[in-house]
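Peer 1: Dropping the sequence and predicted coords here.
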Amino acid sequence: PELKRSAPGKLKADNVPDLRAVINVHPEQHDGMWTWADFLGFAGQVSEADLAKRQGELQFDDAINIQFTSGTTGNPKGATLTHHNILNNGYFVGESQRLTEKDRLVIPVPLYHCFGMVMGNLGCITHGSAMIYPSEGFDPKSVLQAVHQERASALYGVPTMFIAELADPEFSSYDLSSLRTGIMAGSICPAEIMKQVNGKMNMKEVQIAYGMTETSPVSTQTSSLDPFEKQVTTVGRTQPHLETKIVDPGTGNVVPRGEIGELCTRGYSVMLKYWNNEEKTREAIDDAGWMHTGDLATMDEDGYIQIVGRIKDMVIRGGENIYPKEIEEFLYTHPAIEEVQVTGIPDQKYGEELIAWIKLRPGSEPVNGDDLQAFCKGKIAHFKIPKHYKFVDAFPMTVTGKIQKFKMREISIEEMGLNG
């Protein structure tokens, strides 16, 4: 409210006492704000000597931004990232895709998220590629239209975005033949969706990238040179100048190849800290500099990493460890299912039981829980077959398009009266 009585650049707000200036990226004038054009005009007031002085005060490993995590497992935390973190990561992401000044990348992911700001903007800037923003917020039709009209060669998105694009009623009317590459990241990518993107969207060189805000963000990435099976079932291999290891969450010891453990990353990409949160920083980054991701994974003999799920998402049913991703991958093969997420809920007999949230394809044959249990029977282990099913039109998500399984669990518990 103080904006209305403040001159631009001279804001005094009780709740944010250090904030002095607000810049509006739209051309319209608003009380107390500079427009983007105003801001750019101030460049003429900065002398070469002033610029050189400021550059001399900065170091490559100074913090450049505080990037808040997505909040997929709880409250967001402020990952403090450096120039060195994000500039290098953006560059290597672009290198893997073989971006050049001839490429045109459609970026429908948010610019306040590492996917848009680092992998998108800095990936393009370091390779001279064009950046295309299809709309202010994600809209599948706008994305497809941008690819069609701008003859884009690359496209970014989280899995839910690609699912929405593939499901657009007018999908077949768009010419996507110009697409070559792009990245699907942000959450675990179902193999069936990856195959459709590769085929129906002509993204023959689409890549899977894995990482987290705390690692600027990418730690592993597939390559267009990888065998197709590896492209659709793994998150690739470790990026240049980084290290990864898979450890036993209990002991911290490295596990043998092929065994499940927690994925850890070390190298230039690891954040400085969580802003004003020393306790969470110590929990995440150990004394040897390893970032503990909280993700369960395996690594094969060739170094390819497969994400099994989040440690917090693992379901223990009657003493059996169950990884929801495996069940989701199987259910995606059902022709009526457009999207599926599996989580655990309390159960008196087994400790936990599985519940599958299902979004059906428009116009598909009617399906109920009994039908899906019959579909699973004999194809996956009996204890992995979900007992409960909830049919939905949408999933609880963060603003960046990531599904919040902890909220799914909370909603299911509430609806089924399991609070007691």
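Peer 2: Done, it's in. It should be emphasised that the depicted structure is a prediction, and the values quoted were computed from it without experimental measurement. Numbering: from 1, shown residues only.

Peer 1: Tell me how far the residue most central in space within the chain lies from Lys402.
Peer 2: Nearest to the mean C-alpha position of the chain, by C-alpha atoms, centre = their mean, lies Gly186 at 1.4 Å. Distance of Gly186 to Lys402, computed by C-beta to C-beta, to the nearest Å: 6 Å. The way it works is simple: take the backbone N, C-alpha and C, and place the C-beta from them, glycine included.

Peer 1: And Thr244, by the same measure?
Peer 2: Taking C-beta to C-beta, one finds Thr244 at 22 Å from Lys402.

Peer 1: Between those two, point out the one with more neighbours.
Peer 2: Neighbour tally, Thr244 and Lys402, criterion other C-beta atoms under 10 Å: the higher count belongs to Thr244, 23 against 19.

Peer 1: And the strands in the stretch 101-250 of the chain?
Peer 2: In the stretch 101-250 of the chain, the strands defined using DSSP state E, counting those that start in this stretch lie at 104-106, 130-132, 154-157, 181-184, 205-211, 218-221, 237-238, 242-247.

Peer 1: helices or strands up against the third one?
Peer 2: Under the contact criterion of 3 or more C-beta pairs under 8 Å, 6 or more residues apart in numbering; DSSP states H and E, the helices and strands touching strand 154-157 comprise strand 104-106, helix 140-150, strand 181-184.

Peer 1: Okay, and the residue of the chain most remote from its centre sits in which element?
Peer 2: Ranked by distance from the centre of the chain (C-alpha atoms, centre = their mean), the top residue is Ala49, with 40.9 Å. Per DSSP states H and E: Ala49 is located in helix 48-57.

Peer 1: Give the rounded mean pLDDT of the very next helix or strand once past that helix.
Peer 2: Once the chain leaves helix 48-57, the next helix or strand it forms, by DSSP H and E, is strand 63-68. Here strand 63-68 scores 93 as its mean pLDDT.

Peer 1: Then stretch 359-367?
Peer 2: pLDDT averaged over stretch 359-367 gives 94.

Peer 1: Contacts for that stretch next, please.
Peer 2: The contact list for stretch 359-367 (C-beta atoms under 8 Å, 6 or more residues apart in numbering) reads 167, 169, 334-340, 358, 391-395.

Peer 1: rewinding a little: dump the helices and strands packed on strand 154-157 to TSV, plus distance to Ser364, mean neighbour count and mean pLDDT.
Peer 2: Compiled in TSV, these are given as follows (distance: least, C-beta to C-beta, whole Å; neighbours: other C-beta atoms under 10 Å; pLDDT from 0 to 100):
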stretch	distance to Ser364	mean neighbour count	mean pLDDT
strand 104-106	29	24	98
helix 140-150	19	19	98
strand 181-184	24	24	97
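
Peer 1: Could you dump the ones you listed into a markdown table with distance to Ile125 added?
Peer 2: Listed next are those as a markdown table, based on distance: least, C-beta to C-beta, whole Å:
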| stretch | distance to Ile125 |
| --- | --- |
| strand 104-106 | 11 |
| helix 140-150 | 18 |
| strand 181-184 | 16 |
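
Peer 1: how close does Val218 sit to Leu372?
Peer 2: 35 Å.

Peer 1: And these two? Which one has more around it.
Peer 2: Val218 (28 against 21).

Peer 1: got the contact list for the more buried one?
Peer 2: 89, 92-93, 119, 185, 209-211, 239, 269.

Peer 1: at 10 Å instead, please
Peer 2: Going by C-beta atoms under 10 Å, 6 or more residues apart in numbering, Val218 touches 89-90, 92-93, 96, 114-115, 118-119, 123, 183, 185, 209-212, 235-236, 239, 242, 265, 269.

Peer 1: State the helix or strand in which Val93 lies.
Peer 2: helix 83-97.

Peer 1: repeat for Ala79
Peer 2: strand 78-82.

Peer 1: What is that strand packed up against?
Peer 2: Applying 3 or more C-beta pairs under 10 Å, 6 or more residues apart in numbering; DSSP states H and E, one finds that strand 78-82 contacts strand 63-68, helix 83-97, strand 273-274, helix 278-284.

Peer 1: can you tell which of these is closest to Leu105?
Peer 2: In terms of C-beta to C-beta, the element of these nearest to Leu105 is helix 83-97, at 8.8 Å.

Peer 1: Give the buried residues for the closest one.
Peer 2: Of the residues in helix 83-97, 84-94, 96-97 count as buried by neighbour count, 16 or more other C-beta atoms under 10 Å.

Peer 1: re earlier: pull up the pairing partners for the strand holding Ala79, direction included.
Peer 2: strand 63-68 (antiparallel), strand 273-274 (antiparallel) (DSSP bridges).

Peer 1: Dump the longest one to CSV, keeping only the CA atoms.
Peer 2: What follows is strand 63-68, C-alpha atoms only, in CSV (Å, rounded to 0.1, in the frame of the first residue of the first chain):
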residue,chain,number,x,y,z
ALA,A,63,25.7,-14.7,-4.4
ILE,A,64,23.7,-13.4,-7.4
ASN,A,65,20.2,-14.5,-6.5
ILE,A,66,18.1,-16.3,-3.8
GLN,A,67,16.1,-18.9,-5.7
PHE,A,68,13.3,-20.4,-3.7
